[in-house]
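Trainee: For reference, the sequence and a predicted model appear below.
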Amino acid sequence: MTQELRKITANRDKSIPIKRHDLHGRPHLVVPMVMLTEGVHKGSSGAAYYSKDELSRNVNAWDHKPVVVYHPIKSDGTPKTACDPNVLNNSQVGIILNTHYDGKLKAEAWLDEELTKKADERIIESIEKGGMTEISTGLYSDSEDVKGVWNNEKYDFKVKDFSPDHLAILPDQKGACSIADGAGLLRVNAAVKEEVAEHAK
């Protein structure tokens with residue numbers, strides 16, 4: 001079986017400092033990020049097209065939504081809202097603030113340093129070294145059952161009227177809207193070089 005491997009070389013713009021601020025009396029890292037870009041992103045339901053119109057609609061709804069490490073799931077493996085009290089108490093590591101759209105859906109992840117280290121030490125280590133980290137948006141949406149092609153990528157449906165639930169940090173997974181697609185923690189104003197290789201497994 002042939003598998004496509006991608007080597008990502010990511011360079012953060014050093015002019016963007018990582019800020020530290022207190023929130024609710026606790027130290028937080030304030031990390032710029034790109035959450036979503038226009039394009040075809042392959043999630044659990046298939047290849048979906050996210051348009052500029054949808055990404056730029058009601059962007060403030062993302063503010064104050066929780067940031068968690070990995071998407072929360074129910075015991076049967078289906079998605080679960082991160083706004084559930086049990087998830088907030090046990091899995092939340094921060095919140096989304098200052099969301100805006102300027103051709104990409106951008107925001108800041110305000111990460112509680114202690115809670116984030118407790119959840120996964122790799123996240124803070126990567127941020128402090130200036131490395132990018134994969135993320136993934138959790139949202140509810142309707143879909144328009146229209147197949148098409150965007151920039152030579154086929155999609156099965158269009159996402160519309162979505163409402164945000166959370167942002168998940170993925171220390172060792174690839175997001176549907178990945179770093180290669182232009183998203184991620186510390187993805188703002190960064191250059192990415194991608195090399196594709198073939199690997200027989």
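Mentor: Received, thanks. Numbers count the residues shown, from 1 in each chain.
Trainee: tell me the helices in the protein, going along the chain?
Mentor: With helices called from DSSP state H, the chain shows them at 52-55, 85-91, 113-119, 121-128.
Trainee: List the buried residues for the shortest one?
Mentor: Of the residues in helix 52-55, those buried by neighbour count under the rule 16 or more other Cβ atoms under 10 Å are 54-55. The way it works is simple: take the backbone N, C-alpha and C, and place the C-beta from them, glycine included.
Trainee: and it, how far out from the chain's middle?
Mentor: Relative to the chain's own centre, helix 52-55 is displaced by 16 Å; criterion: Cα atoms, centre = their mean, to the nearest Å.
Trainee: who are the neighbours of that helix, in terms of helices and strands?
Mentor: With contacts taken as 3 or more Cβ pairs under 8 Å, 6 or more residues apart in numbering; DSSP states H and E, helix 52-55 sits against strand 157-170.
Trainee: just checking, what packs against the strand it packs on?
Mentor: So strand 157-170, by 3+ Cβ pairs under 8 Å, 6+ apart, packs with strand 46-50, helix 52-55, strand 66-69, strand 92-101, strand 134-144.
Trainee: same thing but 7 Å
Mentor: Contacts defined by 3 or more Cβ pairs under 7 Å, 6 or more residues apart in numbering; DSSP states H and E place strand 157-170 against strand 46-50, helix 52-55, strand 66-69, strand 134-144.
Trainee: in the third one, what's buried?
Mentor: Spelled out, that is strand 66-69. Buried, per 16+ other Cβ under 10 Å, within strand 66-69: 66-69.
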